[in-house]
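[1] Any chance you can model this:
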Amino acid sequence: VQLQASGGGLVQPGGSLRLSCAASGSIFSISSMGWYRQAPGKQRELVATITSGGSTNYADSVKGRFTISRDNAKNTVYLQMNSLKPEDTAVYYCNADITYYSGRVLITEDYWGQGTQVTVSS
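    Numbers count the residues shown, from 1 in each chain. Just a heads-up that it's a prediction; the model follows:
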């Protein structure tokens with residue numbers, strides 16, 4: 001099982017980016033999926049999470065600008081980021097609680113993607 005994130009890049013203030021993160025492998029189910037970010041010299045922080053039923057949670061700093069969504073059929077979570085600010089610059093990591101088969105046993109683990117750089121600068 002692995003998570004593969006994509007979609008980062010360089011964007012001007014006020015611009016938009018869309019991040020994607022796909023889970024692959026022998027997956028039985030995925031409960032919560034989310035995005036976190038870590039800026040240089042700072043701790044990793046929550047950006048947004050979404051449950052399998054579609055309930056969402058956002059950091060106050062991104063409410064009204066970012067939207068998290070997921071496609072359960074594709075085991076993929078998205079983060080639409082609008083009205084980007086320089087303070088949104090960070091490495092963004094996707095996260096998921098994934099249940100998979102190991103032989104005949106179901107195991108649930110917390111997985112992290114490899115991180116994708118988002119830079120907001122003029």
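
[2] Looking at the residue located most distally from the centre of the chain now. What's its pLDDT?
    Farthest-out residue of the chain from its mean C-alpha position, per C-alpha atoms, centre = their mean: R104, at 29.5 Å. We have a pLDDT of 90 for R104.

[3] Report the contact partners of it.
    Applying C-beta atoms under 8 Å, 6 or more residues apart in numbering to R104 gives no contacts. Every C-beta, even on glycine, is put in place using the N, C-alpha and C of the backbone.

[4] Specify the local secondary structure of the closest residue in space to M33 that isn't next to it in sequence.
    Of all residues not flanking M33 in the chain, V77 sits nearest, at 4.0 Å (C-beta to C-beta, 6 or more residues apart in numbering). Assigned with DSSP: H, G, I helix; E, B strand; the rest coil, V77 falls in the strand class.

[5] give me every residue that touches V77.
    V77 is in contact with 20-21, 33-35, 50, 68-70, 94, 96, counting by C-beta under 8 Å, 6+ apart.

[6] List the buried residues for stretch 99-117?
    Neighbour counts using 16 or more other C-beta atoms under 10 Å place 100, 111, 113, 115-116 of stretch 99-117 among the buried residues.

[7] which of those residues lies closest to D88?
    In terms of C-beta to C-beta, no member of the buried residues of stretch 99-117 lies closer to D88 than T116, at 12.9 Å.

[8] how about the nearest residue to that closest one once chain neighbours are set aside, what does it touch?
    Nearest residue to T116 in three dimensions, chain neighbours excluded: G8, at 3.4 Å (C-beta to C-beta, 6+ apart). Contacts for G8 were tallied using C-beta under 8 Å, 6+ apart; they are 17, 19, 92, 116-118.
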